[in-house]
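**Student:** Fold the following, please.
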Amino acid sequence: AGAAAAEERADLLEARLEEDCARADAAGAALAACQEEVEALRARLQETEGREQGLAKRHAALEAEAAALRTNVRDLEGRLRVFSDSEEDDGQGDGGEDVVPEAQFARVCPGDAGDELGAPRSESLAVSESAESWPPPSADRREAPGGPGPPTDPATCGCTLRRLEAFFAEHIGDIAYEEEGESASIAGLRHKCFGDKLVTKCAEHDRARLAAAVASGVEVKPCRPDMHAAARFVIKPLTKESRCSMSRVWEPGGLPAEVFVSHSWGEELADFFQALLAFAYCHTGRLNPGGTLEGRRLRASDLSFYVYAFSESLWRRRASAAVAAAPETPAAAIVLRNPNVSAVLCSVGRSGEALGRAWCSLEVCEAVCAGRRVVLASPAGPLQEQWWTGGQSAELF
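**Tutor:** Predicted coordinates for the structure are as follows:
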């Protein structure tokens with residue numbers, strides 16, 4: 001009985017052992033499955049980390065691209081400001097007019113009868129022989145600047161030397177005079193113009209746009225104290241409200257021009273005014289050789305000049321295509337054909353740059369064809385010395 005009981009317990013233990021082995025096998029299988037699942041999760045984790053790294057790299061690349069785009073935008077803005085300044089500086093031609101259309105050029109630069117550019121001389125450059133025939137039928141009858149009003153004749157847009165001197169002294173610089181003896185010259189007066197005020201304005205303007213130019217890497221042309229600078233910093237601000245010319249501000253009723261002035265806008269303004277003053281004193285001395293020195297000075301102060309920057313409005317817009325197709329007669333041609341104009345001053349500057357400008361050459365050509373006296377002048381005075389010393393006329397043309 002005891003042995004049977006022992007065998008029975010042994011069988012029971014074996015059965016339990018087999019059950020434990022089966023459970024161990026199941027647990028091992030479950031463990032293996034868990035390990036496989038862990039490996040799968042690790043693989044997915046590595047894949048996710050790789051994707052995150054790729055996204056981080058792409059994000060960094062997009063940030064770099066955005067920074068480059070912002071830099072380009074700033075550069076373009078700087079270039080736009082610089083180019084806008086340059087366009088305003090160069091918006092006026094050397095003679096002050098806009099670009100001459102071909103059809104308009106033909107009307108003031110004649111050719112032969114069969115020339116495609118020009119019309120016959122008798123049609124394009126006929127000079128009025130009497131006051132009744134002035135202005136010519138082709139003359140443009142412009143509306144008075146600054147608003148509705150009667151037509152404005154460019155020949156009545158003269159500026160006295162007194163006004164021009166006061167303008168220079170107030171806005172451009174100083175004029176120094178040196179008295180001489182009566183026999184020293186027709187004018188009896190030496191002078192020197194200094195454009196220090198305009199130089200200061202140009203320097204301040206250059207400093208203001210220097211930072212933008214450096215940031216954009218654009219080379220900026222320095223602002224020179226010439227007529228471009230005077231138009232931008234002085235004339236246009238003074239006429240901004242009225243939108244008319246300085247001549248109309250000074251003489252609302254108009255003043256006939258006695259001398260037409262042709263010059264390069266790139267000439268330094270101090271040199272231009274010095275040449276203008278020298279011509280005026282010599283011109284009045286030639287017209288009144290027997291007068292007193294004080295009388296010649298007073299007559300020079302009343303002498304009226306047509307200078308485009310002062311005689312015409314700088315607020316006119318460029319002509320449209322429709323207007324260019326049927327151009328008006330240039331203001332220069334109208335003034336030069338006016339019988340009130342007794343002389344034409346061509347300010348050549350220190351190096352004769354005006355003689356190389358197309359518009360100045362065109363104005364001189366029109367003056368010669370209109371039979372006007374042409375005088376070349378530099379800051380030292382008229383170049384044709386015999387013309388202003390009372391000797392035989394020695395005009396270049």
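
**Student:** which stretches of the chain have low pLDDT?
**Tutor:** 79, 81-152, 178-189, 214-217, 290-291, 316-328, 384-397 (pLDDT under 70).

**Student:** ok but I334 is inside a helix, no?
**Tutor:** Yes. Remark: I334 belongs to a helix, assigned using DSSP: H, G, I helix; E, B strand; the rest coil.

**Student:** Hmm, it is touching A257, no?
**Tutor:** No. Taking contacts as Cβ atoms under 8 Å, I334 lies outside contact range of A257: 10.3 Å. C-betas here are computed from N, CA, C, even on glycine.

**Student:** quick one: common contacting residues for these two?
**Tutor:** Counting by Cβ atoms under 8 Å, 6 or more residues apart in numbering, the residues touching both I334 and A257 are A155.

**Student:** between the two, which one's more packed in?
**Tutor:** Between I334 and A257, counting by other Cβ atoms under 10 Å, A257 is the more crowded of the two (27 against 23).

**Student:** so how far is E7 from the most far-flung residue of the chain relative to its centre?
**Tutor:** Here the chain reaches farthest from its C-alpha mean at A1, the gap being 128.8 Å by Cα atoms, centre = their mean. To E7, A1 is 11 Å away according to Cβ to Cβ, to the nearest Å.

**Student:** And A309, by the same measure?
**Tutor:** Counting by Cβ to Cβ, the gap from A309 to E7 is 134 Å.

**Student:** And the two? Which one has more around it.
**Tutor:** Neighbours per residue, other Cβ under 10 Å: of A309 and E7, the larger number sits with A309, 24 against 10.

**Student:** Next, count neighbours for A64.
**Tutor:** 10.

**Student:** same deal with G381?
**Tutor:** 20.

**Student:** and if you look at N340?
**Tutor:** Neighbour count for N340, taken as other Cβ under 10 Å: 16.

**Student:** now swap in E267 and tell me
**Tutor:** Residues near E267, counting by other Cβ under 10 Å: 24.

**Student:** The residue nearest to it when sequence neighbours are not counted and C282: what is the separation?
**Tutor:** Once flanking residues are discounted, E267 sits nearest to G349: 4.1 Å by Cβ to Cβ, 6 or more residues apart in numbering. Going from G349 to C282 by Cβ to Cβ gives 18 Å.

**Student:** Who has more neighbours out of those two?
**Tutor:** Ranked by neighbour count (other Cβ under 10 Å), G349 and C282 place C282 first, with 25 against 20.

**Student:** Surely that one and A380 touch.
**Tutor:** No. Applying Cβ under 8 Å as the test, C282 and A380 come out as separate, 11.4 Å apart.

**Student:** Remind me what the helix ranked longest in the chain packs against, helices and strands.
**Tutor:** Longest helix of the chain, by residue count under DSSP state H: helix 2-89. On a contact count with 3 or more Cβ pairs under 8 Å, 6 or more residues apart in numbering; DSSP states H and E, helix 2-89 meets helix 196-216.

**Student:** Going by neighbour count, which residues of the helix it packs on are buried?
**Tutor:** 197-199, 201-202, 205, 209, 212-213, 215-216 (16 or more other Cβ atoms under 10 Å).

**Student:** which of these lies closest to E52?
**Tutor:** Ranked by distance to E52 (Cβ to Cβ), the buried residues of helix 196-216 are led by A215 at 37.3 Å.

**Student:** I'd guessed the residue nearest to E267 sits against A270; true?
**Tutor:** No. The pair G349 / A270 is not scored as a contact, 11.1 Å apart, by Cβ under 8 Å.

**Student:** Phi, psi for L303 please.
**Tutor:** phi -70, psi 130 (degrees, to the nearest 10).

**Student:** so what's it up against?
**Tutor:** 160-161, 258-259, 280, 283-284.

**Student:** ok, how many other residues are close to W315?
**Tutor:** For W315, using other Cβ under 10 Å, the count is 14.

**Student:** Assign the residue nearest to it when sequence neighbours are not counted to helix, strand or coil.
**Tutor:** Spatial nearest neighbour of W315, chain neighbours left out: R243 (4.6 Å); criterion: Cβ to Cβ, 6+ apart. State at R243, reduced to three classes by three-state DSSP: coil.

**Student:** And for R243, the neighbour number?
**Tutor:** 15.

**Student:** ditto for R286
**Tutor:** R286, neighbours per other Cβ under 10 Å, totals 18.

**Student:** what's the helix or strand for it?
**Tutor:** Per DSSP states H and E: R286 is located in helix 269-287.

**Student:** Now that helix: buried residues?
**Tutor:** 269-286.

**Student:** what angle do it and helix 196-216 make?
**Tutor:** Comparing the axes of helix 269-287 and helix 196-216 via axes from the mean of the first three to the mean of the last three Cα atoms, to 10 degrees yields an angle of 150 degrees.

**Student:** what packs against the very next helix or strand once past helix 269-287?
**Tutor:** Toward the C-terminus, helix 269-287 is succeeded by helix 293-302 as the next helix or strand (DSSP H and E). The contact analysis (3+ Cβ pairs under 8 Å, 6+ apart) places helix 293-302 against helix 161-167, helix 269-287.

**Student:** any idea how far helix 293-302 is from the chain center?
**Tutor:** 37 Å (Cα atoms, centre = their mean, to the nearest Å).

**Student:** tell me the phi and psi of V261?
**Tutor:** Here V261 shows phi and psi, under degrees, to the nearest 10, equal to phi -110, psi 120.

**Student:** no no, S313
**Tutor:** phi -70, psi 130.

**Student:** Using a markdown table, lay out the contacts of L303 together with distance to L17.
**Tutor:** Shown next, in a markdown table, are the contacts of L303 (distance: Cβ to Cβ, whole Å):
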| residue | distance to L17 |
| --- | --- |
| T160 | 132 |
| L161 | 132 |
| E258 | 137 |
| V259 | 133 |
| A280 | 134 |
| H283 | 138 |
| T284 | 141 |
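
**Student:** Fine by me, thanks again.
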